[in-house]
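Undergrad: the following block contains a protein sequence and its predicted model.
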Amino acid sequence: MAVLVTGGAGYIGSHMVLALIDAGHEEVVVLDDLSTGFDWALPPEVTLVRGDVADQTLVAETIRRHGIDALAHFAAKIVVPDSVSDPLGYYLANTVKSRALIEAAIGAGVRHVIFSSTAAVYGEPAVVPVPEDLTPNPINPYGRSKLMTEWMLEDAARAHGISYVALRYFNVAGADPRGRSGQSTPNATHLIKVATQAALGKRSHLEVFGTDYPTPDGSCLRDYIQVSDLAAAHLVALNHLRRGGESLTLNCGYGRGYSVLEVIDVVKSVSGVDFPVTLSPRRAGDPSRIVAGADRIRAELGWVPQHDDLRAIVTQALAWEEALARRNRV
Ligand SMILES: NC(=O)c1ccc[n+]([C@@H]2O[C@H](COP(=O)([O-])OP(=O)(O)OC[C@H]3O[C@@H](n4cnc5c(N)ncnc54)[C@H](O)[C@@H]3O)[C@@H](O)[C@H]2O)c1
Ligand SMILES: O=c1ccn([C@@H]2O[C@H](COP(=O)(O)OP(=O)(O)O[C@H]3O[C@H](CO)[C@@H](O)[C@H](O)[C@H]3O)[C@@H](O)[C@H]2O)c(=O)[nH]1
């Protein structure tokens, strides 16, 4: 048995690759076009197939050659405001290409799929923390593009007798505690990444996008989940499916929200740098608050997070940012 990890050279996918290797006995094959990922993020024992997830011939050949039974599909475009300005690009990357991938994978014999979905499918939820059975209502093209892929998977699984777990990640942050991987995209837009770059002088300042939200301090609330904890959730999901477990849709978060201003305070405190912060208007497509109802994944998969600590997450992110600078991979 072997696992195909699409987007495995990216931020979260590379942590999944490490988790699979750390767990032993898996052949791991990565399919990545390196559009935002890095071949150096992969350990040497991994096979990298450079290509597009929508290349059905390549996908089918890869699955057959390596005897792949399970697909972990991370490859996507991921920036919420970009999806507002380029919706068709996001529907192509995240929906149309996922359709092609799922079709080729099922045709070539894949039995199990783990899909990187997102809290963005909930939009601006009326209930916080948000349970999985709340009807999704995405407010940006990114969330819609991912929700459609959840639906395709659900329908295809029923029709073709495969099983899947759709994991709805909340805000992913931090880095491998052993320092082997982290968020490496230089122009990434994620809050903790940007804040650590500001702390290290890689950016002149940090902008807070919106201070007039209906939240306690006026800035947006998010549930930050550590990336290795998230990778571990994929491993237990994979084991569940291979044991014959049913298809599931699960939130991945800790069930606690931090505001943008609180996150900035933690980054300043951990780094010891009082970097400049400016207050800016709201960013397109941002929900005001999104926090995971986090019980179901524990109950269904027995997932137990090991890194639920914002200071530790920021410490890891900062260490990775310093490591990138040392290696001239800023
Ligand atoms: N980062 C977050 O906070 C977050 C939250 C929720 C969901 N997600 C989801 O997690 C997944 C991974 O996100 P990430 O943060 O690691 O992003 P990333 O940009 O670091 O990784 C994406 C990877 O996919 C590759 N890729 C993109 N399009 C491809 C294509 N057509 N064919 C082959 N490879 C392709 C890129 O080169 C990159 O290596 C995405 O599906 C994203 O929607 C991320
Ligand atoms: O320089 C910055 C960057 C971000 N923010 C704010 O910080 C919050 C978090 O933003 P960001 O880190 O960009 O993440 P999100 O836009 O919440 O989206 C992330 O989290 C979603 C799930 O909640 C995923 O689906 C997306 O892929 C992932 O990028 C938002 O309120 C932003 O407006 C700032 O104020 N300044």
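TA: Great, that's in hand. Ligands and ions are numbered 1, 2, ... in the order given.
Undergrad: residues in contact with stretch 246-254: which ones?
TA: For stretch 246-254, contacts defined as C-beta atoms under 8 Å, 6 or more residues apart in numbering pick out 117, 119, 129-132, 150, 154, 157, 163-171, 223-225, 230, 233, 237, 240, 291-294, 296-297, 300-301, 305, 308. Any C-beta I mention is one placed from the backbone N, CA and C, and that applies to glycine too.
Undergrad: oops, could you answer that again for stretch 271-287 instead?
TA: 80-81, 83-85, 120, 122-125, 139-142, 195-196, 198-201, 204-213, 220, 264, 268, 314, 318.
Undergrad: one step back: tell me which of the contacts of stretch 246-254 fall in strands.
TA: 117, 163, 164, 165, 166, 167, 168, 169, 171, 224, 225 (DSSP state E).
Undergrad: in JSON lines, list the residues you listed along with neighbour count and pLDDT.
TA: Output for those, formatted as JSON lines (neighbours: other C-beta atoms under 10 Å; pLDDT from 0 to 100):
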{"residue": "117", "neighbour count": "25", "pLDDT": "98"}
{"residue": "163", "neighbour count": "19", "pLDDT": "98"}
{"residue": "164", "neighbour count": "25", "pLDDT": "98"}
{"residue": "165", "neighbour count": "27", "pLDDT": "98"}
{"residue": "166", "neighbour count": "25", "pLDDT": "98"}
{"residue": "167", "neighbour count": "22", "pLDDT": "99"}
{"residue": "168", "neighbour count": "25", "pLDDT": "98"}
{"residue": "169", "neighbour count": "21", "pLDDT": "98"}
{"residue": "171", "neighbour count": "20", "pLDDT": "98"}
{"residue": "224", "neighbour count": "24", "pLDDT": "98"}
{"residue": "225", "neighbour count": "27", "pLDDT": "98"}
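Undergrad: of these, which ones also sit close to ligand 2?
TA: residue 171 (C-beta under 6 Å from any ligand atom).
Undergrad: follow-up on the earlier one: which of the contacts of stretch 271-287 are buried?
TA: Among these, those scoring as buried are 80, 83-84, 120, 122-123, 125, 139-142, 195-196, 198-200, 206-211, 213, 220, 264, 268, 314, 318 (criterion: 16 or more other C-beta atoms under 10 Å).
Undergrad: buried set for stretch 282-302?
TA: 285-294, 296-297, 300-301.
Undergrad: what about ligand 2: which of those touch it?
TA: The overlap between those and the neighbours of ligand 2 (C-beta under 6 Å from any ligand atom) comes to 286, 290.
Undergrad: tell me the least confident of the buried residues of stretch 282-302?
TA: For those, the weakest pLDDT value sits at residue 285, with 88.
Undergrad: measure that one to residue 81 for me?
TA: To residue 81, residue 285 is 6 Å away according to C-beta to C-beta, to the nearest Å.
Undergrad: the stretch 151-300 of the chain: helices as residue ranges?
TA: Under the criterion DSSP state H, counting those that start in this stretch, the stretch 151-300 of the chain contains helices at 191-199, 227-242, 260-271, 295-301.
Undergrad: what residues of stretch 259-270 count as buried?
TA: 259, 260, 261, 262, 263, 264, 266, 267, 268, 270.
Undergrad: can you count the residues close to the residue nearest to residue 20 when sequence neighbours are not counted?
TA: Excluding the flanking residues, the one nearest residue 20 by C-beta to C-beta, 6 or more residues apart in numbering is residue 26, at 4.6 Å. By other C-beta atoms under 10 Å, 19 other residues sit near residue 26.
Undergrad: got a list of what residue 26 touches?
TA: Residue 26 neighbours (C-beta under 8 Å, 6+ apart): 1, 2, 3, 20.
Undergrad: please apply the same query to residue 58.
TA: Here residue 58 is in contact with 31, 49, 51, 52 (criterion: C-beta under 8 Å, 6+ apart).
Undergrad: please apply the same query to residue 122.
TA: So residue 122 contacts 130, 134, 136, 137, 138, 143, 168, 287, 290 (C-beta under 8 Å, 6+ apart).
Undergrad: now with 10 Å, please.
TA: 128, 130-132, 134-139, 143, 147, 168, 170, 251, 287, 290, 292-293 (C-beta atoms under 10 Å, 6 or more residues apart in numbering).
Undergrad: follow-up on the earlier one: in strands, which of the contacts of residue 26 appear?
TA: Per DSSP E, these map to strands at 2, 3.
Undergrad: closest to ligand 1 out of the buried residues of stretch 259-270?
TA: residue 263 (13.3 Å; C-beta to the nearest ligand atom).
Undergrad: ok, back up a step: which two among the ones in strands among the contacts of stretch 246-254 are spaced furthest apart?
TA: 163 and 224 (29.4 Å; C-beta to C-beta).
Undergrad: tell me which residue in the stretch 151-300 of the chain sits closest to ligand 2.
TA: Minimum separation of the stretch 151-300 of the chain from ligand 2 (C-beta to the nearest ligand atom) falls at residue 220, amounting to 3.1 Å.
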